[in-house]
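K.L.:
Fold the following for me, if possible:
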Amino acid sequence: MLGNKSNSAVTNSEGDTCTNLRVSPAHVSKLSSDTVSKYDPLPSTLWVNEDGYILDCCAHTQEVFGFWCDELRGRHISMLLPDLKNTSMLDERGISPALAFLCQCVTPFRGVNRAGIGSAYSITPRLISTSVGRGLMLILRSKIY
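P.N.:
Numbers count the residues shown, from 1 in each chain. Next up, the predicted model:
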């Protein structure tokens, strides 16, 4: 319960017990980037135009993939998500049926960071309007098994 100051113990899926649920910013900064990216529940967000070229990204996307937003703008989404290389993003009605189908499949998308290390992601596409026309907001969540 929030606001409860008792030291109740919590056990994670590996069987480790934690009695102090507060983590200082100094402790978080000491965690390796592998640990943070493997267990980080925050989604990464990319905005792409109807042809799949990146318009912008959130700060968390920069951390996960190792590229600054300025480096990603104008590059095709397949640079980060190779599985989307030949997939149309939009059709005349909205999100293309091919992309919608792939996003609903059990098989995760393969994402590749700057170092060439791959991770698995689920993608939730959302249709958006941009100053240059239609586009997509792609919400990426790490798939942890």
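K.L.:
hey, where'd the strands end up in this protein?
P.N.:
Using DSSP state E, the strands of the chain run over residues 10-11, 17-18, 44-49, 54-57, 90-91, 94-95, 109-112, 118-130, 133-142.
K.L.:
Which among these is found nearest to Leu84?
P.N.:
Leu84 sits nearest to strand 109-112 of all the strands of the chain, at 7.2 Å, using C-beta to C-beta. (Glycine included, C-beta is placed from N, CA and C.)
K.L.:
Now do the end-to-end distance for stretch 126-138.
P.N.:
Terminal residues of stretch 126-138 are spaced 6 Å apart (C-alpha to C-alpha, to the nearest Å).
K.L.:
Repeat that for stretch 51-70.
P.N.:
18 Å.
K.L.:
What is the distance between it and the centre of its chain?
P.N.:
In terms of C-alpha atoms, centre = their mean, to the nearest Å, the centre of stretch 51-70 is set 10 Å apart from its chain centre.
K.L.:
which parts of it are buried?
P.N.:
52-58, 61-67 (16 or more other C-beta atoms under 10 Å).
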